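K.L.:
Just to be clear, the model below is a prediction. Sequence and coordinates:
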Amino acid sequence: MIINARINVRFKSGVLDPQGTAIKGALKHLGFDGVEDVRVGKLIEIKLDAASKEDAEGQIKDMCEKLLANPVIEDYSFELS
């Protein structure tokens, strides 16, 4: 069974996001004064051959915790289809 996973990884609240800060400054410079905050994350798409949806969930969680996200400073979420 082929499962498509969309994984979103982002900094935890309270962790500085220098790229988000730079984008916020650039947006303000372009005249977008209403921007209160910008947080940047990453989207990872994986196509996985798994025995079941539950098996795929377990594998994706392991991938996130072992490689794709740094659990000290990042949170992750994912969707399977």
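P.N.:
Perfect, I can see it now. Numbering: from 1, shown residues only.

K.L.:
use CA for all of it now, contacts and neighbours both
P.N.:
OK.

K.L.:
I'd guessed Leu43 sits against Leu68; true?
P.N.:
No - between Leu43 and Leu68 there is no contact under CA atoms under 8 Å: 10.3 Å.

K.L.:
Please enumerate the shared neighbours of these two.
P.N.:
Both Leu43 and Leu68 are contacted by Val9, under the criterion CA atoms under 8 Å, 6 or more residues apart in numbering.

K.L.:
More neighbours: which of the two?
P.N.:
Leu68 (18 against 13; other CA atoms under 10 Å).

K.L.:
Would you enumerate the residues in contact with that one?
P.N.:
Val9.

K.L.:
Quick check: phi and psi at it.
P.N.:
phi -70, psi -30 (degrees, to the nearest 10).

K.L.:
name the element Asp37 belongs to?
P.N.:
For Asp37, there is no host helix or strand (DSSP states H and E).

K.L.:
Please name the spatially closest residue to it (chain neighbours excluded).
P.N.:
Lys24 (6.6 Å; CA to CA, 6 or more residues apart in numbering).

K.L.:
The strand or helix carrying the one you found: which residues count as buried?
P.N.:
Taking DSSP H and E as the criterion, Lys24 maps to helix 18-29. Within helix 18-29, the residues that qualify as buried are 24-25, counting by 16 or more other CA atoms under 10 Å.

K.L.:
I'd like the average pLDDT over that helix.
P.N.:
The average pLDDT within helix 18-29 is 97.

K.L.:
Stretch 74-81 now?
P.N.:
97.

K.L.:
For the protein, just list every one of the strands.
P.N.:
2-11, 41-49, 74-80 (DSSP state E).
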